[in-house]
Every structure is written in C-alpha cells, then in structure tokens.
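Asker: sequence first, predicted model second:
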Amino acid sequence: DIQMTQSLASLSASLEEIVTITCQASQDIGNWLAWYQQKPGKSPQLLIHSATSLADGIPSRFSGSRSGTQYSLKISRLQVEDTGIYYCLQRYSNPYTFGAGTKLELK
Amino acid sequence: EVQLVESGGGLVQPGRSMKLSCAASGFTFSNYGMAWVRQAPTKGLEWVATISYDGSSTYYRDSVKGRFTISRDNAKSTLYLQMNSLRSEDTATYYCTREDWFAYWGQGTLVTVSS
C-alpha cells in the first residue's frame, strides 16, 4: 500500500500568516493527490485536486504544489475560518490512502 | 445542488450485520463511481470501498474484503454498503462520496459495534 506521511500532527499560526502543510508519498503517485479540510463534526471538504488544481468555490488563498513525491498545501494569508484538520489523499492506486492529518490552529 | 444523504447506521452487536444506504440527488448518479469512506471516533479518514458507475467493478480495503459489499441501484440513485460479521474496529462514521476526487460528501452515519 502507498503510505502518505503528514509529518506535522499539529501547527499553530497567526492570522494573515503564510502556512504550508506537507505530505510525503512512499512512491511516485504523479498528480493523483488531493487535499481536504475537515472542521469538527463536519464532513471533509475538497480543497485541491490533481495536486495543484483548486476545487470549485475554494478561495484562491489556497494552493497546491508538488516536488517529486512531496506535496504541499499553502494558505497564503491565514483566516479564522481556515482552522481545522487537513488531510492529503492519494488516489493513484487502490487502496486509496489518506495522510494522518495536520491540525491547524490559530496562535 | 449535489446532495448525498446516508442512513442506516446505529448500534449493532459484534458479528451481526448492517446495511447502509446513500441517497444521491442533484447529478446523474449513473455517470459516476461512488465510494464509502469511514472515520473512527477521534481518528483520521479511511477509504473503505469503491464501485464503478455501472456497478461492474468494485474495490475494497483488505480489512473489509469478504465482509462488506458495496452495491448500487442506478434507477433509485442509491448507493449501499452491506456490512457483515461486524467487529468493534468497524465502529466509525461512514461517509458516502462521489468518486471523482471525493468532491462531494454526505453528512455521515455513525455505526457503533458493541455488545
């Protein structure tokens, strides 16, 4: 199975700060990567698909990038509503696998 | 507006069965693969199973293979998950999601496996 490693379990940042969350794939998955945000008691929401494509309705302060097998989600100016848990997902091959999640809080 | 509404969760004893349903609306259900994703209490997300748009292909994670069956009724725009021989480790909120990048999710239904 492909392992997706989110090295940071939690992250604290200030309003308007630039935040980067990373995810490392255990093998090449090309651009078959997505990012999700989940708020307490809510369903996950797709932010980025195909590693770099912004999902419909998602603010442009979110962006995705790839360097080899390392993937990054960047929030350019952190807002209050951006707190939550962020998960990466690989859908290159079955079983699809999620990262363990990175909890983003406001400082 | 795309809507996915799960139902059928609840408390069930270990070893028993339960069937989840997911009613879809707002899109042409028969054009899309569908999937189930679960989340144990306070834990992360875990893909469970996927079914192709026409039901001809299904995929499962190893831990549920042989116990769970994903199916669909395109005439009713409904996705199902039949869960047999349930174990305590199957306790989770089960979400149905559209397979194209899991762009749409239901609200989830909680399955608790306990005696």
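Answerer: That came through, no problem. Quick caveat, the model's predicted, so the values are computed rather than measured.
Asker: from chain A, how far off is the residue lying closest to B:Arg16 once chain neighbours are set aside?
Answerer: Excluding the flanking residues, the one nearest B:Arg16 by CB to CB, 6 or more residues apart in numbering or on different chains is B:Leu86, at 5.9 Å. (Glycine included, C-beta is placed from N, CA and C.) Shown here: B:Leu86 relative to chain A, a distance of 20 Å by CB to the nearest CB, to the nearest Å.
Asker: OK, contacts around the residue nearest to A:Ile58 when sequence neighbours are not counted?
Answerer: With sequence-adjacent residues excluded and distances taken as CB to CB, 6+ apart, A:Ile58 is closest to A:Leu47, at 5.3 Å. If you count contacts by CB atoms under 8 Å, 6 or more residues apart in numbering or on different chains, A:Leu47 has them with A:34-37, A:54-55, A:58, A:62, A:64, A:73, A:86.
Asker: which two in those residues are spaced the farthest apart?
Answerer: Maximum pairwise distance among these (CB to CB): 14.8 Å, between A:Leu54 and A:Tyr86.
Asker: these two: which has the busier surroundings?
Answerer: For A:Leu54 versus A:Tyr86, neighbours defined as other CB atoms under 10 Å in any protein chain shown are more numerous around A:Tyr86 (25 against 17).
Asker: can you pull the pLDDT of the more buried one?
Answerer: Listed pLDDT for A:Tyr86 reads 98.
Asker: is it in a bridge, and if so with what?
Answerer: Each beta-bridge partner of A:Tyr86 is listed here: A:Gln37, A:Thr102, as defined by DSSP bridges.
Asker: residues contacting residue 30?
Answerer: Looking at chain A here, since you left the chain open. Contacts of A:Gly30 (CB under 8 Å, 6+ apart): A:51, A:92.
Asker: ah, I was thinking of chain B
Answerer: By CB under 8 Å, 6+ apart, the neighbours of B:Ser30 are B:53-54, B:74, B:77.
Asker: quick one: residues contacting the residue nearest to the spatial centre of chain B.
Answerer: Nearest residue to the geometric centre of chain B (CA atoms, centre = their mean): B:Trp36, 3.5 Å. Applying CB under 8 Å, 6+ apart, we find B:Trp36 in contact with B:20, B:22, B:47-49, B:70, B:79, B:81, B:94-97.
Asker: once you drop chain neighbours, what's closest to A:Gln70?
Answerer: Of all residues not flanking A:Gln70 in the chain, A:Gln24 sits nearest, at 5.2 Å (CB to CB, 6+ apart).
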